[in-house]
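Engineer: sharing a model prediction with you, sequence too.
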Amino acid sequence: MKFSFNHITLVPGGRYILQLSTIAMIWVVVSCGNETTPQNITFAEHIAPIIYKNCTSCHREGEAGPFSLLSFEDVSSRSKLIKFVTETRFMPPWPADPAYTHFIDEKVLTEQEIALIGKWVDEGCNAGDMSKMPSVPSFPAGSQLGKPDLIIKFRDVFKIPGDGKDRFMLMRIPYELESDKYIKTIEVVPDNRKLLHHVNAQLLSYDPDKRKDVIKGEVAVDVKDFPTTLEAYKALDLPNDDGTFPMMTQSVTNYLPGVTPPIYPNGIGGFKMAKKGAIFLKDIHYGPSRIDTSDQTSFNVFFADGAPKRPTMEFQMGTYGVSPVVPPLVIPPDTIMKFTSDYKVPFDISILTVNPHMHLLGKTFLAYATTIQGDTIPLIRINKWDFRWQYFYTYKKMLKIPAGSIIHVEAVFDNTRKNPNNPFSPPKLVEEREGSMRTSDEMLQFIITYLPYKTGDENISLETKK
């Protein structure tokens, strides 16, 4: 089993196959001024800081990178590969165009940094004076955010048969705490990163008087096995003992490849986590596998100091959203088509985070707002869509969108043989099928996390220590 990354194929085990003849990319180059390349480039002084800042968070044991980049030996042994993927800007993965908008935690190499890596490799990977090495970054095991206050894990290993079928499950992960807690965020940590495509999670809060035992009962059901969603919920033991349903907090965490949930400054965002409850995966999707395998995903919980002063809100445009896709999302074979979606903002809002979403036929994505006065507010532009990296992009400061503004989304889909990610060969008609989340169908969504605007929001930094 292998995964094609356009011109690079990643084979399980950490080996890359480079297909140089298929490179056909246009990249935005970020200038770094008039810096000059040092004559004697060493790992200790020049290369390690670049690697540690941009690569090591993923390239370490237990994370998405197929090999570690922690030591001189790690990096020098992969030096030619690192030179290639940085010069082509295949790595580090950051789909958003930094010439259009900026976000926190951007991983975009400058021309100077790329030149340093290239020259270092060409000159034989000089280690240099290792006493001048920066400290190797310290990361908590199993997290991109920091040491969690609580880890909640699947109670049982979920077995995935090797029958080549997609699986869309409902799951309930129960928990019990000593007392109610307030939460900053919940981070999804996939166990089977190859097959887990997405997770949409809610939080169930049980009244101890209405549900004596939250642990008992089924933990996973396939929604297609039940005539109605309500029947599936009952089969999953979601109701209270008297048959009523507990309070549900929507969208407490989500996962897509590449996603790290944002943590906002104190007082912004977060929610209450009841003493007795469950993380309810209203939708968890596993891609098809040809071998029998399994998953036991976990959830890192980060506590807050108190109740949020300004709880965040969310809406999504396009598929399942507040605005339609125009024309309807139907892509005939051997075509490249553009689709749009427009939404009029009813009141002043402050945008914190945005998340574009498409599937394998996605080619480009653009979103901006136009005010009543005709001013344009850039939101995000992705010149080369990559299904494997779908971030939640958080702005460095809140972005005010005045009432009456139109948020415009424009996306291009490529259903031709030239699209290496096309799930069908030869191409077939692909469409949105009642919100189907199968990767071989399509979606067009733009998810926006926001607050009702308050004076001065645009001056509030969203960068915070995690």
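Structural biologist: It's in. Numbers count the residues shown, from 1 in each chain.
Engineer: for beta bridges, what are the partners of Val326?
Structural biologist: Thr340 (DSSP bridges).
Engineer: so it sits against Met337, correct?
Structural biologist: No - under the criterion of Cβ atoms under 8 Å, Val326 makes no contact with Met337, lying 11.4 Å away. Where C-beta positions appear, they are placed from N, C-alpha and C, glycine not excepted.
Engineer: how is this protein divided into domains?
Structural biologist: 3-132, 150-303, 313-459 (automatic domain parsing).
Engineer: could I get those as a markdown table with mean pLDDT?
Structural biologist: Below are the domains of the chain laid out as a markdown table (pLDDT from 0 to 100):
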| stretch | mean pLDDT |
| --- | --- |
| domain 3-132 | 78 |
| domain 150-303 | 91 |
| domain 313-459 | 95 |
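Engineer: quick one: the helices in this protein?
Structural biologist: Under the criterion DSSP state H, the chain contains helices at 48-54, 72-77, 79-87, 111-122, 229-235.
Engineer: how about the last one as CSV, C-alpha atoms only?
Structural biologist: Included here for helix 229-235 are C-alpha records, laid out as CSV according to Å, rounded to 0.1, in the frame of the first residue of the first chain:
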residue,chain,number,x,y,z
THR,A,229,-30.2,8.4,13.2
LEU,A,230,-32.3,8.3,16.4
GLU,A,231,-32.2,4.5,16.4
ALA,A,232,-28.5,4.6,16.0
TYR,A,233,-28.2,7.0,18.9
LYS,A,234,-30.2,4.7,21.1
ALA,A,235,-28.1,1.7,20.0
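Engineer: buried residues in it, which are they?
Structural biologist: Ala232, Tyr233, Lys234, Ala235 (16 or more other Cβ atoms under 10 Å).
Engineer: cool, the fourth one as well?
Structural biologist: Judged by neighbour count (16+ other Cβ under 10 Å), helix 111-122 contains these buried residues: Gln112, Glu113, Ile114, Ala115, Leu116, Ile117, Gly118, Lys119, Trp120, Val121.
Engineer: the first one against Pro38, yeah?
Structural biologist: No - at 10.1 Å, Gln112 and Pro38 do not qualify as touching, with contact defined as Cβ under 8 Å.
Engineer: surely Phe339 touches Leu329?
Structural biologist: Yes - if you go by Cβ under 8 Å, Phe339 and Leu329 touch, sitting 6.0 Å apart.
Engineer: give me the common contacts of those two.
Structural biologist: Leu444 (Cβ atoms under 8 Å, 6 or more residues apart in numbering).
Engineer: can you get me the start-to-end distance on stretch 314-333?
Structural biologist: End-to-end distance of stretch 314-333 (Cα to Cα, to the nearest Å): 34 Å.
Engineer: so how far is it off the chain centroid?
Structural biologist: 20 Å (Cα atoms, centre = their mean, to the nearest Å).
Engineer: what's it in contact with?
Structural biologist: 250-251, 337, 339-343, 361, 407, 409, 413, 415-416, 424, 426-432, 435, 442-450.
Engineer: nearest residue to Glu187 in space, please, no chain neighbours.
Structural biologist: Asn300 (4.1 Å; Cβ to Cβ, 6 or more residues apart in numbering).
Engineer: swap in Thr319?
Structural biologist: Using Cβ to Cβ, 6+ apart, the closest residue to Thr319 is Met443 (4.4 Å).
Engineer: which residues does Phe245 contact?
Structural biologist: By Cβ under 8 Å, 6+ apart, the contact set of Phe245 is Tyr233, Leu238, Pro239.
Engineer: how about the CA coordinates for stretch 117-134, as CSV?
Structural biologist: The C-alpha coordinates for stretch 117-134 follow below in CSV (Å, rounded to 0.1, in the frame of the first residue of the first chain):
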residue,chain,number,x,y,z
ILE,A,117,20.1,23.9,3.1
GLY,A,118,21.0,23.4,-0.5
LYS,A,119,24.6,24.7,-0.1
TRP,A,120,25.1,22.7,3.1
VAL,A,121,24.1,19.5,1.3
ASP,A,122,26.2,20.3,-1.8
GLU,A,123,29.3,20.9,0.4
GLY,A,124,29.1,17.6,2.2
CYS,A,125,26.9,18.2,5.3
ASN,A,126,29.4,19.8,7.7
ALA,A,127,28.5,19.2,11.3
GLY,A,128,30.4,22.2,12.7
ASP,A,129,31.0,22.9,16.3
MET,A,130,28.3,20.9,18.0
SER,A,131,28.7,23.0,21.2
LYS,A,132,27.0,25.8,19.2
MET,A,133,23.9,23.6,18.5
PRO,A,134,20.6,25.0,19.7
